[in-house]
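> Sequence first, then the predicted structure, then my questions.
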Amino acid sequence: MMPRLVVLGSEGGVGKTVIAAALADLADPPLALLDCNPDNPNLGLLVPHRVTDAMPFMGPEQARIDPDRCMRCRRCLTGCRFGAIGECKDTLFLLPGCCAGCGVCAAICPADAIAMTESMAGELVFSITQKGRFLHGRLLPGVDDRGLMVRELWRLASISSLRDGWILADGPRATGHQLIYTLGSVDTVLLVVEPTLSSLYRMRRLLTILRRFPLTLLAVINRFDLDPEYAREAELLTKSEGVPIVGRVPLDPGVMDSLRAGCAVTRCECNAASAIRELWKNIRTELEKRREDPFWR
Amino acid sequence: MKIVVIGAKGGAGKSLVAANLAFSLSMEKQVTLLDCDAEDPVLHLLFSGACERHEVLSFLPELDHEICTRCHTCTSFCRSGALTPLGQEVLLQPELCCACGGCIVLCPQGSISEKPRLIGDLEMMRPFSTLCLIIARLRADPSFTSRVVAAAKESSRPSHVQIRDSPSRLSAGAIEAMKGADFCIIVTDATIFGRQCLEISAMLAAQMEIPAGVVITGGNGTGKEITHLCTSLGTPLLLELPFDREIARLQGRGRLCAAERPELRAAFVRLYREIEIMRGRG
């Protein structure tokens, strides 16, 4: 089976998208790309692609109040435990992003004024790059779909023509349903960690989750020269967990330049780019090793 | 005054802004700093002091099989799968429950009652006499995030200036952190990602009718385009923090840059004044 790799950050801003985009630039085709951050999809900002199709994505059912039927009895307001119903000038309405879709309000409304309806949660976008397909989604601001869009992205990535190539994914934030759906769909995780207190703290927490899944774990230390002491601690932590370090990327203004230009960092000549080339080589070696392991066959 | 710090992009410096703003203001006011990133809180790493723990409970249904007539009103209502039909019987799986309370209201026999269950912790610290830190920590399924955040909001004193640090994912937890806030600080950086983050965050603040302003980190005068964008989105640029390797390292080590650099402390106090003026106008 071809590898399915996700780049996960211990926390936000550690460089997962930058590294994912650079790896996408280095990898051989066919390569399917996936952006698992539908709240703020930004892999596409660094990977040249052409959108071929988009389709609406419906989220979990949500309550909708019909103002013509509503008698203003306010039973829904007191019955809702999620604080999702607001009142303004004698009108009851749903507050954005609060409805949990439980259906209590619809069940207790004496006027039958509340219906549970599928609501638009965002869109799924299909694109092509020079190396294969690129899938991403875009959730409307404030919509919490409990990871459903990420689950759908992985389902789409797993079917049809995408099955034959590599899948490389820019991971979600390391919490919640989006993380769990992602970990259930991949076989390899590249962890991006920074030599900072909070990054290491969150890394420890993330590792307790990762251990529950049968995954090959690899780690890269980004901006390793920011703080040598914490960088050492990061190495010790990953070593004690049996996670090999496959790369060390320096803090480099070249990364900012590539971000300003909107291209993969490997398109600029800088130290960070050579470090990421080295990283890619090491990832391939690790995955080759795995091929000989009967567990992964 | 209740200020929420948001930003759809991780690592742009939300926690940096929230913690340093709270610290700077605590020199002259009583401040409560709330870490609303209940799924993965870190603000306690920046402060020291004794920690007091309070449990956040939610109620979970309990079914009395003696009274239950197997009418299945509850199973046909329950959307979370906590109450499902199993042949004639009613199967209760509390770990799937979203604690909406519908089954209790709807059961014609009154055979369902509620029992408290732990969904999170509030960790309260007082690093300084004028600064109170409340960490919301989720201990159950992510569906309960907003309740733990709501509990943290309720436990803070109304007389204090409230600064809330929100999670980067604009999920239910972030929405709960924003609810009831008087002002929204959008933190973003000067990269190509920052632009998109700003658009998404500003849209959400507008949707929730909370006035907003922008703080840009890692600036170095590169954010001209973003400055224009701020103006066009109606979210004024309030503060620009230049990239400074030293600040990055201090922050990385869990130190407050406002504590080490008086000029930054002054900048954060000015930021607050500006917000006060903007609120006064509104």
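Now that the structure is in, tell me what you want to look at.

> Residue 193: neighbour count?
Here I'm looking at chain A. Look at residue A:193: counted by other Cβ atoms under 10 Å in any protein chain shown, it has 30 neighbours. Glycine gets a C-beta too; all of them are placed from N, C-alpha and C.

> right idea, wrong chain: chain B
25.

> In contact with it, which residues?
Contact partners of residue B:193, counting by Cβ atoms under 8 Å, 6 or more residues apart in numbering or on different chains, are A:17, A:40, A:42, A:45, A:259, B:9.

> give me the beta-bridge partners of the closest residue to residue B:241 other than its chain neighbours?
Spatial nearest neighbour of residue B:241, chain neighbours left out: residue B:217 (4.8 Å); criterion: Cβ to Cβ, 6 or more residues apart in numbering or on different chains. Beta-bridge pairing for residue B:217 (DSSP bridges): residue B:189, residue B:241.

> Residue B:217: neighbouring residues, count only.
25.

> Please look at it and residue B:191 and confirm they touch.
No. Assessed by Cβ atoms under 8 Å, residue B:217 is found out of contact with residue B:191, at 10.0 Å.

> still on that earlier bit, and the contacts of residue B:193, which are buried?
Neighbour counting over the contacts of residue B:193 (16 or more other Cβ atoms under 10 Å in any protein chain shown) leaves A:17, A:40, A:42, A:45, A:259, B:9 as the buried ones.

> count of residues packed around residue B:260?
12.

> so who does it touch?
So residue B:260 contacts residue B:250 (Cβ under 8 Å, 6+ apart).

> Distance of it relative to residue B:246?
Residue B:260 is 9 Å from residue B:246, where distance means Cβ to Cβ, to the nearest Å.

> hey, where'd the helices end up in the stretch 101-250 of chain A?
A:104-108, A:148-158, A:176-183, A:197-210, A:228-240 (DSSP state H, counting those that start in this stretch).

> For the longest one, buried residues please.
Applying a neighbour-count criterion of 16+ other Cβ under 10 Å, one finds A:197, A:198, A:199, A:200, A:201, A:202, A:203, A:206, A:207, A:210 buried in helix A:197-210.

> In this structure the last one contacts residue A:218, no?
No. The pair residue A:210 / residue A:218 is not scored as a contact, 11.3 Å apart, by Cβ under 8 Å.

> joint contacts of those two?
A:189, A:191.

> Would you confirm that residue B:92 contacts residue B:60?
No. Assessed by Cβ under 8 Å, residue B:92 is found out of contact with residue B:60, at 9.4 Å.

> Of the two, which one has the most company?
residue B:92 (21 against 18).

> which residue packs closest to the more buried one, ignoring adjacent ones?
residue B:63 (5.1 Å).

> As a check, name the ranges of all strands in the chain.
Answering for chain A, as no chain was given. In chain A, strands defined by DSSP state E lie at A:4-9, A:31-35, A:50-65, A:85-88, A:91-94, A:114-128, A:133-139, A:166-170, A:188-193, A:216-222, A:245-249, listed in chain order.

> Sorry, I should have been clearer: chain B.
Ranges of strands within chain B are B:2-6, B:31-35, B:51-63, B:83-86, B:89-92, B:112-128, B:131-138, B:161-165, B:183-189, B:212-217, B:237-241, based on DSSP E.

> would CSV of those with mean pLDDT be doable?
Listed next are the strands of chain B as CSV, based on pLDDT from 0 to 100:
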stretch, mean pLDDT
strand B:2-6, 97
strand B:31-35, 98
strand B:51-63, 92
strand B:83-86, 90
strand B:89-92, 90
strand B:112-128, 94
strand B:131-138, 97
strand B:161-165, 97
strand B:183-189, 95
strand B:212-217, 94
strand B:237-241, 92
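
> Distance to residue A:278 for these - can I get that in a markdown table?
What follows is those, written out as a markdown table (distance: least, Cβ to Cβ, whole Å):
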| stretch | distance to residue A:278 |
| --- | --- |
| strand B:2-6 | 37 |
| strand B:31-35 | 37 |
| strand B:51-63 | 43 |
| strand B:83-86 | 53 |
| strand B:89-92 | 54 |
| strand B:112-128 | 41 |
| strand B:131-138 | 38 |
| strand B:161-165 | 36 |
| strand B:183-189 | 26 |
| strand B:212-217 | 29 |
| strand B:237-241 | 32 |
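
> Which one, of these, ends up nearest to residue A:5?
strand B:183-189 (26.2 Å; Cβ to Cβ).

> now the closest one, how far from the centre of its chain.
Computed by Cα atoms, centre = their mean, to the nearest Å, the separation of strand B:183-189 from the middle of its chain amounts to 13 Å.

> coming back round to it: mind checking which of the strands of chain A is nearest residue B:183?
Of these, the one closest to residue B:183 (Cβ to Cβ) turns out to be strand A:85-88, at 19.4 Å.

> Whether the closest one contacts chain B - can you check?
No. Using Cβ under 8 Å from any Cβ of the partner chain, strand A:85-88 stays clear of chain B, with a minimum separation of 9.8 Å.

> So for that strand, what gets flagged as buried?
Under 16+ other Cβ under 10 Å, the buried positions of strand A:85-88 are residue A:85.

> can you list the residues of the stretch 151-282 of chain B near chain A?
Residues of the stretch 151-282 of chain B lying close to chain A by Cβ under 8 Å from any Cβ are B:167-172, B:175-176, B:179, B:189, B:191-193, B:196-197, B:200-201, B:203-204, B:207-208, B:218, B:222, B:245, B:248-249, B:251-254.

> could you flag which of those are buried?
Buried among these (16+ other Cβ under 10 Å): B:167-172, B:175-176, B:179, B:189, B:191-193, B:196-197, B:200-201, B:203-204, B:207-208, B:218, B:222, B:248-249, B:251-254.

> could the buried residues of helix A:197-210 be laid out in a markdown table, adding pLDDT and distance to chain B?
A markdown table is the format used below for those (pLDDT from 0 to 100; distance: Cβ to the nearest Cβ, whole Å):
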| residue | pLDDT | distance to chain B |
| --- | --- | --- |
| A:197 | 93 | 4 |
| A:198 | 93 | 4 |
| A:199 | 94 | 8 |
| A:200 | 95 | 10 |
| A:201 | 94 | 6 |
| A:202 | 94 | 6 |
| A:203 | 95 | 11 |
| A:206 | 94 | 9 |
| A:207 | 95 | 13 |
| A:210 | 93 | 14 |
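
> Could you identify the most distant pair in those residues?
That would be A:197 and A:210, which, of these, are the farthest apart (Cβ to Cβ) at 20.3 Å.

> Tell me how many other residues crowd the closest residue to residue A:263 other than its chain neighbours.
Closest residue in space to residue A:263, ignoring its immediate chain neighbours: residue A:46 at 6.3 Å, by Cβ to Cβ, 6+ apart. By other Cβ under 10 Å, the residues close to residue A:46 number 24.
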